[in-house]
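# dropping the sequence and predicted coords here.
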Amino acid sequence: MKGLMMDAPLSIKTIMSHAEMIAADTKLISRSADGDISRLTYRHAFVRVAKLANALDRLELDPEARVGTLAWNDHRHFELHYAIPCTGRICHTINPKLFPEQVRFIINDAQNEALFIDPEFIPMIEAMRDHLPSVKHWIALCTANNLPQSTLPNLQAYESLLNREQESYDWPVLDENRASNLCYTSGTTGDPKGVLGSHRSIVLQCMSQNMASQLGLTSEDVVMPLVPMFHVNAWCMPYSAPMAGAALVLPGPQVSDAQAMTDLINQEQVTFSLAVPTLWSGINQFLNATGTRIPSLNRGVIGGAAGALKLYEEMDRHGVRLENGWGMTELSPIGSYNRYLPQHDQLPDDARADQRLKSGRPLFGIQMRIVDEDGNTLPHDGETTGVLEIRGPWACSAYYGKPREHDWFNTGDVATIDPLGYMRITDRVKDVIKSGGEWISSIEIENAIMAHPGVREAVVIGVAHQHWSERPLLVVVPEESYPLLTPEQLLSFLEGKIPKWWIPNACEFVDTLPHTATGKVSKKMLRENFNRYQWA
Ligand code: AMP
């Protein structure tokens with residue numbers, strides 16, 4: 001017997017309608033490249049979304065067209081996140097920080113019919129234009145006055161496109177399983193792979209994020225995602241925030257300018273932000289150095305890579321409670337989130353602090369397990385490490401244009417899961433250091449060394465070793481203000497904090513660490529830099 005409830009599809013349009021109903025006057029602030037602030041409300045933004053939807057039809061894009069965006073976090077990109085999927089098309093966010101060959105590959109693989117481009121990225125697209133046969137329309141995300149001279153054929157200004165259109169649109173009722181968003185993983189090996197979300201997967205991910213024991217946004221929040229919309233839709237904030245009735249502040253391109261970001265936090269009274277550890281670390285250093293205060297910001301997500309305890313604790317002192325969220329592009333992106341349970345209040349300080357570094361418990365809807373090399377499931381005892389596998393309605397079942405994956409998705413992460421369900425990432429499979437047949441957790445060593453006041457950034461990589469096959473090498477960016485730091489001091493600082501045989505064989509100082517296109521430290525590039533390293 002079937003239930004007798006209505007068949008109302010879970011679509012991105014329902015998020016828009018809901019926000020129009022409950023948060024029409026809630027603000028949507030956006031900062032452009034030149035620092036200009038545009039002030040909209042959701043009501044205004046959704047009128048512009050309707051105009052954009054009319055414009056997409058006028059361009060005669062295929063009903064299932066993949067429409068590419070190369071853009072920073074701003075209101076125009078927000079509008080694209082609604083108009084494209086709500087007309088039935090697919091919003092394909094392209095990471096403009098990738099190598100041009102990768103950008104070209106991605107546009108061709110997705111067969112984009114139109115590209116919406118921030119003016120800053122137009123020269124890169126001009127250089128590859130002759131190799132993008134599927135693209136019929138080129139739109140610069142600017143006003144007519146700011147439209148750059150370009151070799152792109154009939155390059156149009158976004159605002160001119162909107163100006164011609166009506167303020168209402170007859171939205172279609174879409175199947176909730178229809179594709180809505182496409183994002184390619186940067187892929188450390190091989191070509192990038194497309195992850196194709198659906199209306200249903202986006203809505204479910206946002207509903208689960210918004211539960212009180214997870215990110216739990218409310219209509220009192222002012223949310224500023226520093227994580228880019230081209231990286232898994234800024235972890236879904238353009239959808240989760242309006243769903244919760246929270247205000248949005250979209251910070252434009254200058255996310256690594258800590259002064260500009262803290263000014264914006266204070267000006268707009270931001271309460272909640274999301275960023276990778278590198279960006280949080282930049283804000284922390286700025287606050288430490290200048291004594292600037294950001295009293296409105298009380299909570300934030302740190303994710304995309306492991307953050308060090310020192311960073312969590314220093315941000316506590318600035319009044320910002322960081323919470324560890326784990327996820328990946330293939331998971332739309334959030335899979336688990338770390339908030340304390342009441343029993344954690346009873347833990348001794350060290351254990352309580354350590355608890356924060358776990359990647360948290362699965363969001364409702366996500367199943368997790370760890371397996372050994374033969375695929376046997378391993379116990380959730382908080383000790384045993386295995387490869388993390390997941391299932392769920394917002395987990396990728398196949399890459400775009402590729403055969404179906406297995407029933408469980410292999411994340412490529414190595415993790416433990418404790419009896420309370422808290423998962424802890426100990427490494428990427430690719431970054432694991434295997435010394436004498438045993439795994440060493442680079443993340444735990446990095447966390448231990450970050451507690452040293454002379455360390456600004458630290459990474460541990462495996463380097464070939466004649467006897468042990470691999471041994472850990474510690475690579476450190478020293479804190480400039482710290483006097484007379486030596487590699488030996490740092491190595492002996494680790495004694496007693498990690499197992500003796502995990503202590504790196506050597507420590508090298510560098511001025512900077514290489515970063516990926518999504519702002520994470522790139523261990524792959526670092527391994528390449530040290531691939532001829534000779535142990536003393
Ligand atoms: P991406 O698909 O580029 O977002 O990268 C996903 C990968 O980033 C995951 O598989 C993890 O290796 C890593 N990652 C994401 N969040 C965390 C976290 N909170 N702690 C440690 N690693 C993380």
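Sure, I can see it. Residues are numbered from 1 along each chain as shown.
# so how far is Val232 from the residue in the stretch 151-300 of the chain that the ligand sits nearest to?
Nearest to the ligand, among the residues of the stretch 151-300 of the chain, is Thr185, at 5.2 Å (C-beta to the nearest ligand atom). Just so you know, the C-beta spots here come from the backbone N, C-alpha and C atoms, and that holds for glycine as well. For Thr185, the distance to Val232 equals 9 Å [C-beta to C-beta, to the nearest Å].
# and for Pro419, the neighbour number?
Counted by other C-beta atoms under 10 Å, the residues lying close to Pro419 total 9.
# got the residues of the stretch 401-536 of the chain near the ligand?
Applying the criterion C-beta under 6 Å from any ligand atom, the portion of the stretch 401-536 of the chain that neighbours the ligand consists of 411-413, 425, 428, 518.
# now name the helix or strand holding Ala50.
Ala50 belongs to helix 42-58 when assigned by DSSP states H and E.
# quick check: next helix or strand after that helix?
strand 66-70.
# what are the contacting residues of that following strand?
Residues external to strand 66-70 that are found in contact with it (C-beta atoms under 8 Å, 6 or more residues apart in numbering): 56, 61, 77, 80, 84, 89-94, 96, 103, 107, 110-118, 121, 125, 135, 182, 229-230.
# can you rerun that using 6 Å?
Applying C-beta atoms under 6 Å, 6 or more residues apart in numbering, the external contacts of strand 66-70 come out as 80, 84, 89-90, 92-94, 96, 107, 110, 112, 114-117, 121, 182.
# the residue of the stretch 151-300 of the chain closest to the ligand: what's its closest spatial neighbour, skipping adjacent residues?
Computed as C-beta to C-beta, 6 or more residues apart in numbering, the closest residue to Thr185 that is not its neighbour in sequence is Thr329, at 4.5 Å.
# so how far is Leu162 from Lys51?
Using C-beta to C-beta, one gets 5 Å for the distance from Lys51 to Leu162.
# which positions in the chain make contact with the ligand?
Proximity of the chain to the ligand, by C-beta under 6 Å from any ligand atom, involves residues 185-186, 303-306, 324-329, 333, 359, 411-413, 425, 428, 518.
# now with 5 Å?
By the criterion of C-beta under 5 Å from any ligand atom, the positions of the chain lying close to the ligand are 303-306, 326, 328-329, 359, 413, 425, 428.
# of those, which is the most crowded?
Counting by other C-beta under 10 Å, top hit in the residues of the chain next to the ligand: Gly303 with 29 neighbours.
# could you find the closest non-adjacent residue to that one?
Beyond its immediate neighbours in the sequence, the residue positioned closest to Gly303 (C-beta to C-beta, 6+ apart) is Gly325, lying 3.9 Å away.
# so how far is Ala353 from the one you found?
Going from Gly325 to Ala353 by C-beta to C-beta gives 18 Å.
# still on that earlier bit, list the residues that contact the residue of the stretch 151-300 of the chain closest to the ligand.
Contact criterion C-beta under 6 Å, 6+ apart gives 192-193, 329 as the residues in contact with Thr185.
# what is the neighbour count of Ala179?
Other residues within reach of Ala179 by the criterion other C-beta under 10 Å amount to 19.
# beta partners of it?
Here Ala179 shows beta-bridge partners Ser198, assigned using DSSP bridges.
# wait, what's in contact with it?
Ala179 is in contact with 90, 196, 198, counting by C-beta under 6 Å, 6+ apart.
# try it again with 8 Å
Contact analysis of Ala179 by C-beta under 8 Å, 6+ apart lists 64, 90, 196-198.
# just to revisit the earlier point, okay, Gly325 and Ala353: which has more neighbours?
When neighbours are counted by other C-beta under 10 Å, Gly325 comes out ahead of the other of Gly325 and Ala353, with 24 against 13.
# surely the more buried one is in a strand?
Yes: inclusion of Gly325 in a strand is indicated when DSSP: H, G, I helix; E, B strand; the rest coil is applied.
# could you report the pLDDT at it?
At Gly325, the pLDDT value in this model is 97.
# for it, list the residues it contacts.
215, 235, 274, 301-303, 334, 336-338, 359-360.
# please redo it, this time with the cut-off set to 6 Å
301, 303, 334, 337.
# before we move on, what about Arg48?
Applying C-beta under 6 Å, 6+ apart, the residues contacting Arg48 are Glu79.
# ditto for Met229
Residues in contact with Met229, defined by C-beta under 6 Å, 6+ apart, are 73, 77.
# apply 8 Å and report the result again.
Taking C-beta under 8 Å, 6+ apart as the definition of contact, the neighbours of Met229 are 69, 71-73, 77-78, 81, 93, 238, 250.
# by neighbour count, which of the residues you listed wins?
The most neighbours of any of the contacts of Met229, using other C-beta under 10 Å, belong to Pro238, which has 30 neighbours.
# how far away is that one from Pro228?
Following C-beta to C-beta, the distance that separates Pro238 from Pro228 is 11 Å.
# over to Phe78?
As for Phe78, its distance to Pro228 is 13 Å (criterion: C-beta to C-beta).
# re earlier: now, the contacts of Met229 that are in helices?
Using DSSP state H, the subset of those located in helices is 77-78, 81, 238.
# name the SS class of the residue in the stretch 351-500 of the chain that the ligand sits nearest to, please.
With C-beta to the nearest ligand atom as the measure, Ile425 is the residue of the stretch 351-500 of the chain nearest to the ligand, at 4.1 Å. In terms of secondary structure, Ile425 is strand; the call rests on three-state DSSP.
# show the contacting residues for it.
The contact partners of Ile425, taken as C-beta under 8 Å, 6+ apart, are 306, 326, 359, 388, 413-415, 443.
# and what of Leu162?
Leu162 is in contact with 48, 51-52, 55, counting by C-beta under 8 Å, 6+ apart.
# before we move on, which element is it in?
Following DSSP H and E, the helix or strand that holds Leu162 is helix 158-163.
# contact partners for the nearest residue to Leu52 once chain neighbours are set aside?
Distances taken as C-beta to C-beta, 6+ apart put Ala83 closest to Leu52, at 3.8 Å, once the chain neighbours are dropped. Ala83 makes contacts with 49-50, 52-53, 55-56, as judged by C-beta under 8 Å, 6+ apart.
# doesn't Ile202 lie inside a helix?
Yes: with the criterion set as three-state DSSP, the secondary structure at Ile202 is a helix.
# that one: neighbouring residues, count only.
28.
# okay, Glu159: pLDDT?
At Glu159 the predicted local confidence, pLDDT, stands at 96.
# that'll do, ta.
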